[in-house]
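Participant: Got a predicted model here, sequence first, then my questions.
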Amino acid sequence: MSSATSNFESDERFRNKHVIITGAGGNFGREGVIYFTLRGAKVSALDNNQQTLKETIDEVTKILTSAGKLSGTNINDIVLTYECDVTKPSIVEEVISKVRIYYIHVFEYSQSWYKDDF
């Protein structure tokens with residue numbers, strides 16, 4: 001069991017919150033998506049690789065299903081995926097604009113910040 005899946009049953013801090021996770025296709029970002037979705041958050045998962053984002057969604061779906069968190073709910077109502085290269089500010093702005101269409105309150109969790117061009 002990963003640290004993301006331990007002790008989630010009683011943790012409600014992120015219920016009805018929205019979390020943006022960059023690098024969501026990588027191991028650390030994937031763990032973040034798992035951690036926050038198990039605790040009730042809606043997640044916008046960003047990565048520059050569509051294939052690894054799909055793998056993240058598959059893993060999150062499996063974990064949420066086994067935890068009883070997907071009963072009657074579509075994974076796309078919990079996790080939205082966006083292909084995004086965070087080293088390109090114009091692309092980041094475009095994705096954030098799309099995210100804002102769906103969510104009013106944004107709580108940001110980011111695995112990495114790039115200093116270049118910001």
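Facilitator: That came in fine, so what should we check first? Numbering: from 1, shown residues only.

Participant: Now residue 51. Nearest residue, chain neighbours left out?
Facilitator: residue 25 (7.6 Å; C-beta to C-beta, 6 or more residues apart in numbering). For every residue, glycine as well, the C-beta is placed using N, CA and C.

Participant: quick one: that neighbour and residue 47 touch, right?
Facilitator: Yes - counting by C-beta atoms under 8 Å, residue 25 touches residue 47, with 3.6 Å between them.

Participant: Mutual contacts of the two, please.
Facilitator: 53, 56 (C-beta atoms under 8 Å, 6 or more residues apart in numbering).

Participant: now the chain, which segments are flagged as low pLDDT?
Facilitator: 1-10, 102-118 (pLDDT under 70).

Participant: hang on, the residue nearest to residue 51 in a strand?
Facilitator: No - Residue 25: not assigned to a strand; according to DSSP: H, G, I helix; E, B strand; the rest coil it is coil.

Participant: Dihedrals phi and psi, it?
Facilitator: Per-residue torsions, residue 25: phi -90, psi -10 (degrees, to the nearest 10).

Participant: so how far is residue 68 from it?
Facilitator: With distances taken as C-beta to C-beta, to the nearest Å, residue 25 is found 26 Å from residue 68.

Participant: And the two? Which one has more around it.
Facilitator: Using other C-beta atoms under 10 Å as the criterion, residue 25 and residue 68 rank with residue 25 on top: 24 against 8.

Participant: longest helix of this structure?
Facilitator: The residue-count maximum for a helix in the chain (DSSP state H) belongs to helix 50-66.

Participant: Please consider this matter closed, and thank you.
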